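Peer 1: Sequence and predicted structure are below.
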Amino acid sequence: MAEIEVVKPAAPEISEAWRKTEVARNAQRLHPMDILETLFTEHQELHGDRAYGDDAAMYCAMAWFNGEPIMVICNRKGRTTKDRMSFRFGSPEPEGYRKALRCMKLAEKFSRPVVTMLDLAGAYPGLGAEERGQGEAIARNLLEMSLLRVPTIAVITGEGGSGGALALAVADRVLMLENAIYSVISPEGCASIMWKDASKRQQAAEALKYTAPDVLQLGCVDGVIPEPVGGTQADPSGAIEMIQKALERELAAVRQIPLQQLLDARYERFRNIAQFYTVEAPSTS
């Protein structure tokens with residue numbers, strides 16, 4: 001009797017967008033706090049929103065970068081299970097956004113540039129957060145950051161999701177690591193809405209155009225910071241060096257721009273962000 005050959009089904013091909021998503025979500029990837037603790041010195045952490053409480057998922061500090069005073073703000077994700085639960089896997093509550101805004105206004109008072117670093121899938125969607133004004137806190141940050149009278153730089157280090165990320169990224173320069181993603185919604189959420197099937201996340205990832213080259217082309221970020229082969233987790237020190245050079249370059253550039261010109265450019269940039277036409281633009285004449 002002839003032997004029957006068993007043909008195993010081929011493994012599904014992983015799209016480039018989904019591959020980058022997996023790198024961005026890698027548990028060993030550099031977190032914003034890892035970068036902060038390496039590049040910034042003499043941190044003086046600031047606590048509380050002066051309204052309700054202190055959100056540990058949002059870290060704000062006066063610090064020094066290359067001998068210059070900086071206000072640095074980032075979200076905490078945690079490495080241990082206990083810390084991840086405590087920080088809600090890096091998703092801030094409204095108190096976190098209000099604390100961040102309070103510290104931005106403090107930086108404005110003392111003429112210190114603001115650097116934000118973020119790696120979060122979105123703001124925390126819990127019932128308590130919604131009751132305490134999560135949406136209002138995010139909207140307030142969007143408004144106030146657009147008018148902040150100091151140079152601002154935002155760095156998306158991993159996953160930048162929805163308004164929770166944008167609330168820390170209305171900046172003069174928005175940078176993005178090579179394997180980071182930046183989107184209005186997660187691919188799973190998009191697939192659940194569009195196809196009623198979260199398993200179509202790879203298809204959603206491609207459609208969302210949220211990888212660094214796509215987001216740069218859409219004008220949502222100003223620059224892409226290269227990463228070592230394999231991502232920041234493969235060579236943390238090399239990745240830190242690349243981030244440091246990018247921050248030095250961009251801080252030097254925005255410091256040279258007159259304040260009103262900086263504010264005007266910031267306003268125009270976010271008014272026109274990601275606008276494009278699939279047909280010829282209508283005539284204005």
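Peer 2: Looks like it arrived, so ask away. Residues are numbered from 1 along each chain as shown.
Peer 1: Buried residues in the longest helix anywhere in the chain, which are they?
Peer 2: Scanning the chain for the longest helix, with DSSP state H as the assignment, gives helix 236-255. Within helix 236-255, the residues that count as buried by 16 or more other C-beta atoms under 10 Å are 236, 239-240, 242-244, 246-247, 250-251, 254. Placement of C-beta: from N, CA and C, glycine included.
Peer 1: tell me the mean pLDDT for stretch 84-94?
Peer 2: Per-residue pLDDT values over stretch 84-94 give a mean of 92.
Peer 1: and residue 115, how far is that from residue 154?
Peer 2: 8 Å (C-beta to C-beta, to the nearest Å).
Peer 1: The stretch 101-250 of the chain: strands as residue ranges?
Peer 2: Assignment of strands within the stretch 101-250 of the chain using DSSP state E, counting those that start in this stretch yields the ranges 114-120, 152-161, 173-177, 181-183, 223-225.
Peer 1: what's the longest one packed up against?
Peer 2: Taking 3 or more C-beta pairs under 8 Å, 6 or more residues apart in numbering; DSSP states H and E as contact, the helices and strands that strand 152-161 lies on are helix 32-39, strand 114-120, helix 162-166, strand 173-177, strand 181-183, helix 236-255.
Peer 1: With distance to residue 46 and mean pLDDT added, can I get these in TSV?
Peer 2: What follows is the helices and strands packed on strand 152-161, written out as TSV (distance: least, C-beta to C-beta, whole Å; pLDDT from 0 to 100):
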stretch	distance to residue 46	mean pLDDT
helix 32-39	13	94
strand 114-120	13	96
helix 162-166	20	92
strand 173-177	23	96
strand 181-183	27	94
helix 236-255	21	95
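Peer 1: Reformat those into TSV and put distance to residue 195 next to each item.
Peer 2: Putting these into TSV (distance: least, C-beta to C-beta, whole Å) gives the following:
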stretch	distance to residue 195
helix 32-39	32
strand 114-120	25
helix 162-166	19
strand 173-177	27
strand 181-183	17
helix 236-255	35
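Peer 1: that older thread, mind putting the strands of the stretch 101-250 of the chain in CSV, distance to residue 74 and mean neighbour count included?
Peer 2: Formatted as CSV, those follow (distance: least, C-beta to C-beta, whole Å; neighbours: other C-beta atoms under 10 Å):
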stretch, distance to residue 74, mean neighbour count
strand 114-120, 4, 28
strand 152-161, 8, 27
strand 173-177, 13, 25
strand 181-183, 16, 26
strand 223-225, 15, 19
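Peer 1: Show me which positions of stretch 135-154 end up buried.
Peer 2: So stretch 135-154, judged by 16+ other C-beta under 10 Å, has buried residues 137-138, 140-142, 144-146, 148, 150-154.
Peer 1: Let's have those residues in TSV, adding pLDDT and distance to residue 210.
Peer 2: Listed next are those as TSV, based on pLDDT from 0 to 100; distance: C-beta to C-beta, whole Å:
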residue	pLDDT	distance to residue 210
137	96	24
138	96	19
140	96	25
141	95	21
142	95	19
144	95	26
145	95	21
146	94	22
148	96	26
150	96	29
151	96	26
152	97	22
153	97	21
154	97	16
